[in-house]
Structures are given as C-alpha cells and as structure tokens.
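Novice: Let me see the structure of the following:
(one chain, ligands or ions: 2)
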Amino acid sequence: MRALVKYAPGHGNVAIREVSVREPGDDEILIRVRYCGICGTDLHIYADEFPNTPPVIMGHEFCGTVERVGRAAQASWKPGDRVVGELHTGACGTCALCRAGKPHICDSKLALGSKFDGAFAEYLTLPAWLAHPLPDAIPWEVAGVTEPFAISAHCLIERGNLGSAGSVLITGAATMGLMATIWASRLGVEQIIVAGTQLDADSRLPLARELGATRVVNVQSEDLSEVVRDATNGQGVDAWVECSGSGAAIRSNLPLVRKTGKIVLIGLVGPETIAVPWNTLLYREIDLFGCFSSPPSSWQKALAAEADEAAKLRRLVSAILPLERWEQGFEMVRRGEAIKILIDMHASS
Ligand SMILES: [Zn+2]
Ligand SMILES: [Zn+2]
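Specialist: Ligands and ions are numbered 1, 2, ... in the order given. The predicted structure is shown next:
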C-alpha cells in the first residue's frame, strides 16, 4: 500500500513509500482509511520539532471502515463498521494515569503517526481499545475532524468546565480557536469574543462569527482590551481560552480575565520561554487549566455532539486532497491558507 513516511531523522525526509499492510493482532483491527487530516503536529514532525521515531507512517486524525478484525476484538467489531480512533498507542493500561482514564498522558504512550505507524496510509492497524464506532448520522468529512474536536471538548468542558461562563475570550482563530467557538456557542455562553490577526481577517474571523462568536477582533487594527472592557462592564471575561500560542497574546491578555476567572491553555508556544505578569494571577485569583490531547471521555463527548454540529464542522474543512498532493496540503496549512485539510487516502489526482 501507499503511505506517507517520515523515513529518517532531521528536517523533511518525508515521502510517499510503498509499505506492506500489517495484519491485525488478536486485539487489533485493520482499518481502510477514508480521510486523514493534516495537523500542525505533522508540520512539526516534518521539521523534526516534535518527537518521532523514523521510519514511521505519519498521520493521526483519521476515519475509515473496518476491514479485518483480530480474534479478541470480534465481539465488538465487524468488517464494514465505520470507525474513528484515538492516537494513544503504546499507553500501558496499568499505570495510575491509564487507570484514571488518562492514557493520553501515559508515560509509555507512543503516539500514532509519530512513534507508531499512523494513518496517512491506505490501511491502518490499530489496537481495538482505541477505536470508536462512528454514528451513521455523521458524514465522513465531519468524522475526519473528530480528533481535534475531541481535544477541544477536553479543553473547554472537561478541563475548563466553561458551561457556567457568561463571557469567553478566545485568542487564535485556527482549528482550535474555531472549534472552541463552536463549543462555547453550544454551551450557551452569551459573550464569545474571538481574537485573531491580520492573517485571519478575511476568512477566519468572519467564519468565527458564523460559528457563534458575538464579537471578532483583529488585534492589529483594534484594541482588544478596550473591546473586552466594553463587553464586560470593565470586569474582564469569565474565561480566556488561549489557542494562539503567541507570546504577545499570552503576555498582554492576563489583565483581561476577571477576578476569580480562569484561563484554559491550549496553544503550544514552541521553544520560547514567555515572561508573564505572574502576580496578576495571584492578585486576581485566576485558575489555570493546562490541556493536552484527548482522553477517551472527550471522544465520547465529541461524537455525541458531532451530528448536531455537522454543518459548522464541515465549514472547517478547507480542502480534500489526494495523497500525491500532500506537500501542497502541508504548505497550505503552514501558510495559514487553510483551516483543516483532509487527505483522501484512496483518491488519485
Ligand atoms: Zn492533530
Ligand atoms: Zn499508562
């Protein structure tokens, strides 16, 4: 089969290769991959800025159809079942974190697509415990964004518990910021302020509006602190959801959170260390919620909401490309020209 392989350490060293399909073990399933989404993490693996162990098939945001089933998995799965799945391959299942339902941060995790053969491939062999059945009502294009949608469910609901927030500031208007907007709207948050930059002004900020933002701000042409002050009677927002990973945003926005408010941390900042006005956190009694990846519970929440939110989620898919055009897809994501790009693993150009 054809697969996109990171074949050696270092920058780049990614190419389509002919590789053999791995037969499913007893407790594994073989999945015929339909779509696999390009994620920021894939760009970091390409650039060798994210841990990876070549040669490895890349890709972790997939949906597909069950093709063959290992003996121990036959009670739950049969060929033809539609499926999506988590990327926590290698998680031990026995440590305190795994037993608490947090395999996504298990020390033994060897994540799909970076340390375990992933889903930019015609077929994926996956441990069955990581697979979730895909409800019929969810179209394939929407199923293809389940993984980032589960992350946003984990961040906003499980970690941030934003159901009671009246006002939320979301910084960053790429996939995570837009999905955070969808959840905030779904939770009934009254004031949803989404901030982006000039890069987001033409398409992503207007889209944020359509997804439920009550106010969008281009921070390069408007004063965000003034907008937040006006919208909250000078008190600040109940919660700030940081999706940009921008040092400038992180340094300047702490005072926009009201006393006893919270900050949900989603955007990774890269190698830099960011100075923050630490005392502000203390004086204002602000709660911080660090978030990473997507535990099984968040997949259930995402899948339960996806059919309802299908129309909004579909708008996040900017293009669907055949595997041969993977470089173009990576480039579009790198330049911020696309929100989410899906690779159709069985189409040809
Ligand atoms: Zn991802
Ligand atoms: Zn574990």
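Novice: What count of nearby residues applies to the closest residue to ligand 1 within the stretch 151-300 of the chain?
Specialist: In the stretch 151-300 of the chain, no residue comes nearer to ligand 1 than residue 151, which is 7.4 Å away by C-beta to the ion. Using the backbone N, CA and C atoms, a C-beta is placed for each residue, glycine as well. Residue 151: 25 surrounding residues under other C-beta atoms under 10 Å.
Novice: contacting residues around it?
Specialist: 176, 179, 266, 291, 293, 294, 298 (C-beta atoms under 8 Å, 6 or more residues apart in numbering).
Novice: Let me know how buried the residue nearest to residue 90 when sequence neighbours are not counted is, in neighbour terms.
Specialist: Among residues not flanking residue 90 along the chain, residue 110 sits closest, at 3.2 Å (C-beta to C-beta, 6 or more residues apart in numbering). Burial of residue 110 is recorded as 16 neighbouring residues (other C-beta under 10 Å).
Novice: just residue 101 next, same as before
Specialist: Look at residue 101: counted by other C-beta under 10 Å, it has 11 neighbours.
Novice: so what's it scoring on pLDDT?
Specialist: Listed pLDDT for residue 101 reads 96.
Novice: quick revisit: where does the residue of the stretch 151-300 of the chain closest to ligand 1 sit: helix, strand or coil?
Specialist: Of the three states, residue 151 takes helix under DSSP: H, G, I helix; E, B strand; the rest coil.
Novice: Locate the residue of the protein with the greatest distance from its centre.
Specialist: Most distant residue from the mean C-alpha position of the chain: residue 233, 33.1 Å away (C-alpha atoms, centre = their mean).
Novice: Quick check, pLDDT for that residue.
Specialist: Listed pLDDT for residue 233 reads 96.
Novice: From residue 157, how far off is it?
Specialist: Note on residue 233: its distance to residue 157, by C-beta to C-beta, to the nearest Å, is 27 Å.
Novice: Put the alpha carbons of stretch 334-349 into PDB.
Specialist: Taking C-alpha atoms only, stretch 334-349 is exported to PDB below (Å, rounded to 0.1, in the frame of the first residue of the first chain):
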ATOM      1  CA  ARG A 334       1.900  26.100   7.100                       C
ATOM      2  CA  ARG A 335       1.000  29.400   5.400                       C
ATOM      3  CA  GLY A 336      -2.400  29.600   7.200                       C
ATOM      4  CA  GLU A 337      -4.200  29.400   3.900                       C
ATOM      5  CA  ALA A 338      -6.400  26.600   5.100                       C
ATOM      6  CA  ILE A 339      -8.100  25.600   8.300                       C
ATOM      7  CA  LYS A 340      -8.200  21.800   8.100                       C
ATOM      8  CA  ILE A 341      -7.200  19.800   5.000                       C
ATOM      9  CA  LEU A 342      -8.200  16.100   4.700                       C
ATOM     10  CA  ILE A 343      -6.200  13.700   2.600                       C
ATOM     11  CA  ASP A 344      -8.400  11.200   0.800                       C
ATOM     12  CA  MET A 345      -6.300   8.000   1.100                       C
ATOM     13  CA  HIS A 346      -7.900   6.300  -1.900                       C
ATOM     14  CA  ALA A 347      -8.400   9.100  -4.400                       C
ATOM     15  CA  SER A 348      -5.900   9.600  -7.200                       C
ATOM     16  CA  SER A 349      -5.100  13.000  -8.700                       C
END
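Novice: mind listing what's buried in it?
Specialist: Along stretch 334-349, these residues count as buried under the neighbour rule (16 or more other C-beta atoms under 10 Å): 338, 339, 340, 341, 342, 343, 344, 345.
Novice: Which of these fall in strands?
Specialist: Of the positions in the buried residues of stretch 334-349, 340, 341, 342, 343, 344 sit in strands, assigned by DSSP state E.
Novice: so the third one touches residue 59, yeah?
Specialist: To tie it back to what came earlier, the one meant is residue 342. No: when contacts are counted by C-beta atoms under 8 Å, residue 342 is not listed as touching residue 59 (10.7 Å).
Novice: which neighbours do those two share?
Specialist: Overlap of the contact sets of residue 342 and residue 59 (by C-beta under 8 Å, 6+ apart) consists of residue 36.
Novice: What's the local residue count around residue 262?
Specialist: Neighbours around residue 262, by other C-beta under 10 Å: 21.
Novice: Okay, now the unreliable bits of the stretch 1-150 of the chain?
Specialist: The model of the stretch 1-150 of the chain has no residue with pLDDT under 70.
Novice: Quick check: residues of it near ligand 1?
Specialist: Contacts of the stretch 1-150 of the chain with ligand 1, taken as C-beta under 5 Å from the ion, map to 39, 41.
Novice: what residues does the stretch 1-150 of the chain put near ligand 2?
Specialist: Residues of the stretch 1-150 of the chain lying close to ligand 2 by C-beta under 5 Å from the ion are 91, 92, 95, 98, 106.
Novice: And those residues, which is closest to residue 250?
Specialist: Residue 250 has its nearest neighbour among those in residue 106, at 27.9 Å by C-beta to C-beta.
Novice: Verify the stated contact: the residue nearest to residue 90 with residue 103.
Specialist: No: using C-beta under 8 Å, residue 110 makes no contact with residue 103, being 11.4 Å away.
Novice: tell me, what's touching those two both at once?
Specialist: Residues touching both residue 110 and residue 103 (C-beta under 8 Å, 6+ apart): there are none.
Novice: all strands for the stretch 1-150 of the chain, in order.
Specialist: Using DSSP state E, counting those that start in this stretch, the strands of the stretch 1-150 of the chain run over 2-6, 14-18, 28-38, 56-57, 61-69, 82-85, 123-127, 131-133.
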